[in-house]
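1. Need coordinates for the below:
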Amino acid sequence: MITNEKRPSVMLVDGMALLFRAYYATATSGYIRRTKSGIPTNAIYGFIRYFWDAVQNFDPSHVVCCWDLGGKTFRGEHFSAYKGNRPEAPEDLVPQFSLIRDVMDSMGVPNIGAEGYEADDCIGTLAAKFSQDMDVMVLSGDHDLLQLVSERTTVIIMKKGHGNYKVYTPETLYEERQLHPRQIVDVKALMGDASDNYPGVRGIGEKTAHKLIQEYGSIEGLLDNLDQVSKSIRAKIEADLEMLHLSRRLAEIHCAAPVACALETCQLSLDEQAVVDKFEELEMKSLCHLLGVV
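-> Alright, predicted model coming up:
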C-alpha cells in the first residue's frame, strides 16, 4: 500500500472537467486510443495523467472525485433552457464516463454525485464540510468554482498545457480580479453565462458587470443605489430584474447537496495490485510506471 502520512488536506476533483479536457486534448488530433477490442480509452488515459500530476504537485492526503450524474438538475427546473445549448457528448467519450469511475474505484478514490445536482454542488458541499477541519483544494478548469475560495479552500485551475496551474486564494483572486469570492456569483448574475445558456441582464457584459459589483459590492448594494447609475444601465436592470435574480440562483453553487463522504474513506492509499489489474485490463500498463506501482 502507498499511503500519504503528511499534514491532512483533501483534494476535491471536478471529474467531468478533467475527463472532457483529457478527451479533447487527444481527440482533436484525430487519434483515439482504444483497447484491442475497440473500447475507447483516450479520455481515461489523459485523465489519470492530469490527476496524478496534480496529486504529485499539491500532495493531498485525501482525495474525492465529484461527478455530474446526468439528467435534470434543480437549475433546469428553475430555467428550462439551462445548458440547453450543450451538444451531446462525443460517441467515443460516452463509454468512458463509467469506466473512469471504475478506475478511480481501483485507486481507492470515492466517486461522489447526487441526482438533481451538479458536480460543482457536490464539491461546494464537501468543501464546506471538510474545511472546518482541514485545508481543501479544488481541482478544475471551471472558473465558476472560484466562488468557493476561502481561507481554508484554494481553487486550482488547470491552464493550457500539461502541469500548468493557477492557484486561487482570497488574496490571489482579489489581486487578479479585484473581487471577493462571493462577488463572482454577482458578476455572473449580471452578465449571464453563455456556456450555461442563461442571459443575466441583457445588454450588460462582463466589464460593466465587474465595474458595478466593484463599485456597489453586491447585487443588493447595486439595487439599493440604482438612482446613482446611468439611465441606460438602470433601465436594463429594471427591465430584467426577474432574470437577474434567477441568474444569480443559477450561478450560485449549492453547498447543501445531499452528499457525504467520511474522511477515512478518501485517504489516498493505493492498493497496488488493484491498480495494476485495472490498468492491464484497459491496456494502459504504462500508467503503472507513472503511479509507481510496478
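
2. could you say which helix or strand contains residue 136?
-> Taking DSSP states H and E as the criterion, the element that holds residue 136 is strand 135-140.

3. Helices along the stretch 101-250 of the chain, start to end?
-> Using DSSP state H, counting those that start in this stretch, the helices of the stretch 101-250 of the chain run over 119-130, 170-177, 181-191, 206-216, 219-224, 231-239, 241-251.

4. tell me the angle of the longest one relative to strand 135-140?
-> Meaning helix 119-130. Interaxial angle of helix 119-130 relative to strand 135-140 (axes from the mean of the first three to the mean of the last three Cα atoms, to 10 degrees): 170 degrees.

5. Kindly report the same for the last one.
-> With the same axes, to 10 degrees defining the directions, helix 241-251 sits at 110 degrees from strand 135-140.

6. Now do helix 241-251: which elements does it pack against?
-> helix 74-78, helix 181-191, helix 219-224 (3 or more Cβ pairs under 8 Å, 6 or more residues apart in numbering; DSSP states H and E). C-beta: built from backbone N, CA, C; applies to glycine.

7. Could you report the neighbour count for the closest residue to residue 35 other than its chain neighbours?
-> Nearest non-adjacent residue to residue 35, counting by Cβ to Cβ, 6 or more residues apart in numbering: residue 283, 4.8 Å away. Neighbours of residue 283 under the rule other Cβ atoms under 10 Å: 15.

8. Going by secondary structure, residue 283 is in what exactly?
-> Residue 283 belongs to no helix or strand, assigned by DSSP H and E.

9. In contact with it, which residues?
-> By Cβ atoms under 8 Å, 6 or more residues apart in numbering, residue 283 lies in contact with 35, 36, 41.

10. hang on, the earlier thing: in TSV: the helices and strands packed on helix 241-251, plus distance to residue 138 and mean neighbour count.
-> What follows is these, written out as TSV (distance: least, Cβ to Cβ, whole Å; neighbours: other Cβ atoms under 10 Å):
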stretch	distance to residue 138	mean neighbour count
helix 74-78	19	15
helix 181-191	12	23
helix 219-224	24	16
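
11. between these, which gets nearest to residue 9?
-> helix 181-191 (19.0 Å; Cβ to Cβ).

12. what sits up against that closest one?
-> 143-144, 146-150, 170, 173, 179, 200-201, 204-206, 208-210, 212-214, 217-219, 244-245, 247-248, 251-252.

13. Put the buried members of the residues you listed into a PyMOL selection.
-> The buried residues among the contacts of helix 181-191 can be selected in PyMOL (16 or more other Cβ atoms under 10 Å) with this line:
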select buried, resi 144+146+147+148+149+150+173+179+200+201+204+208+209+210+212+213+217+218+219+244+247+248+251+252
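
14. And the strand holding residue 136, what's buried?
-> In strand 135-140, counting by 16+ other Cβ under 10 Å, buried: 135, 136, 137, 138, 139, 140.

15. Could you single out the nearest of these to residue 48?
-> residue 139 (13.3 Å).

16. Tell me the pLDDT of residue 222.
-> We have a pLDDT of 98 for residue 222.

17. wait, doesn't it sit right on residue 214?
-> No: judged on Cβ atoms under 8 Å, residue 222 makes no contact with residue 214 at a distance of 10.6 Å.

18. if we can go back for a sec, the helices and strands packed on helix 241-251: which one's closest to residue 50?
-> Using Cβ to Cβ, the helices and strands packed on helix 241-251 put helix 181-191 closest to residue 50, at 23.9 Å.

19. For the helices of the stretch 101-250 of the chain, give me a markdown table that also has distance to residue 61.
-> Shown next, in a markdown table, are these (distance: least, Cβ to Cβ, whole Å):
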| stretch | distance to residue 61 |
| --- | --- |
| helix 119-130 | 11 |
| helix 170-177 | 23 |
| helix 181-191 | 24 |
| helix 206-216 | 36 |
| helix 219-224 | 38 |
| helix 231-239 | 46 |
| helix 241-251 | 32 |
